[in-house]
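**Q** Got a sequence here, can you build the structure:
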Amino acid sequence: MNKKSSKSLADELKPYVAPFSFDGLGEFHLKSHKTREKGGLDKDEGEAIIEANRKRLNDFQEKLYAQDRWSMLLIFQGMDAAGKDSAIKSIFDGVNPQGCEVTSFKQPSAHELDHDFLWRSMIALPERGRIGIFNRSYYEECLVVRVRPEVLAKEKLPPRLVTKNIWRERFEDISAMERFLARNGTVILKFFLNVSREEQRARFLARLEEPAKNWKFSKADIAERALWPKYQAAYQEVIRHTSTKLAPWHVVPADHKWFARVVIGSTIVAALDRLDLQFPRVDKAERSEFKQVREALLAEGKGEASKAPAKQAK
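**A** Next up, the predicted model:
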């Protein structure tokens, strides 16, 4: 085997993964991460990688499902109009929906508020052999809940537990939960779609000006936009305190949607490649049984053919 062929897929995709991954080692400053990065690619090159990753992902997903050992949890976070929905739709285009499920977390219901802040996410976790996609997640509990204190007040926590340490405690709880999942076979990949305020403005204007996109616009989005600095600070704290080797954050440049999809797809494919997924092997006894079944089916076919009426001569 030559050196070129021995290079793994994960190594091949590393230039589109490693620069954007943070595993908690060292310092983290969100402002140092560019939103308009293109990784030295043009759009056509990027689209070719996206399409190749779709095919790879489809192959890996079938093996993941058949092997039934690992599961994968993908978490997507970002400001409004960062491109979470379209990225998920594009990257997973063509993947068998039987082994993949998207859960979108909206405002908690009264029933959900009667449970702890992780409960509704825990019951949506992927089974072994499946990919679970969280469009927003339990991280909202350290983002919107932190930026808007009135939301925290609705969670019915005993007052004595709502202290200045609550966010540090939630970071600890989340990291412990993710460590537990990773130790039980769930691969966790977390993506923050890092869009600039200028690009968000352009996308909001597009939603207003294009009739087909009007339904995406909400006045609430503008209210959240006014809190941009607070959200950026909250995201920095989340990424800084919950990035680990077992559950790293990937800060995805999101001003160019096509490059965001290159990074996200490459990260997922590289992680699956490292699992060395294989279709389950059939043992000798099962192969012998298959041979007998095959022979029976062939004999059945011959019997049906012999019963068929002869064609009338013209």
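
**Q** from what I can see Q98 touches L64, true?
**A** No: with contact defined as Cβ atoms under 8 Å, Q98 does not count as touching L64 (11.6 Å). The way it works is simple: take the backbone N, C-alpha and C, and place the C-beta from them, glycine included.

**Q** More neighbours: the two, which one.
**A** L64 (24 against 11; other Cβ atoms under 10 Å).

**Q** The more buried one and D276 touch, don't they?
**A** No: the pair L64 / D276 is not scored as a contact, 11.4 Å apart, by Cβ under 8 Å.

**Q** low-confidence ranges in the stretch 1-150 of the chain?
**A** Residue ranges of the stretch 1-150 of the chain with pLDDT under 70: 1-6.

**Q** Which parts of it are strands?
**A** Here the stretch 1-150 of the chain has its strands, by DSSP state E, counting those that start in this stretch, at 21-22, 71-78, 100-104, 131-135.

**Q** Please identify the deepest-packed of those.
**A** Stretch with highest mean neighbour count among the strands of the stretch 1-150 of the chain: strand 71-78 (a mean of 23; mean count of other Cβ atoms under 10 Å).

**Q** so what secondary structure elements neighbour it?
**A** When contacts are defined as 3 or more Cβ pairs under 8 Å, 6 or more residues apart in numbering; DSSP states H and E, strand 71-78 packs onto helix 84-91, strand 131-135, strand 186-194, helix 257-273.

**Q** wait, what's in contact with F105?
**A** Going by Cβ atoms under 8 Å, 6 or more residues apart in numbering, F105 touches R120, S121, F134, N135, R136, S137, Y138, E140.

**Q** Just name the closest of those to V102, please.
**A** N135 (6.0 Å; Cβ to Cβ).

**Q** sorry, back to before: tabulate the helices and strands packed on strand 71-78 in TSV, adding columns for distance to V293.
**A** Converted to TSV, those look like this (distance: least, Cβ to Cβ, whole Å):
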stretch	distance to V293
helix 84-91	39
strand 131-135	32
strand 186-194	36
helix 257-273	32
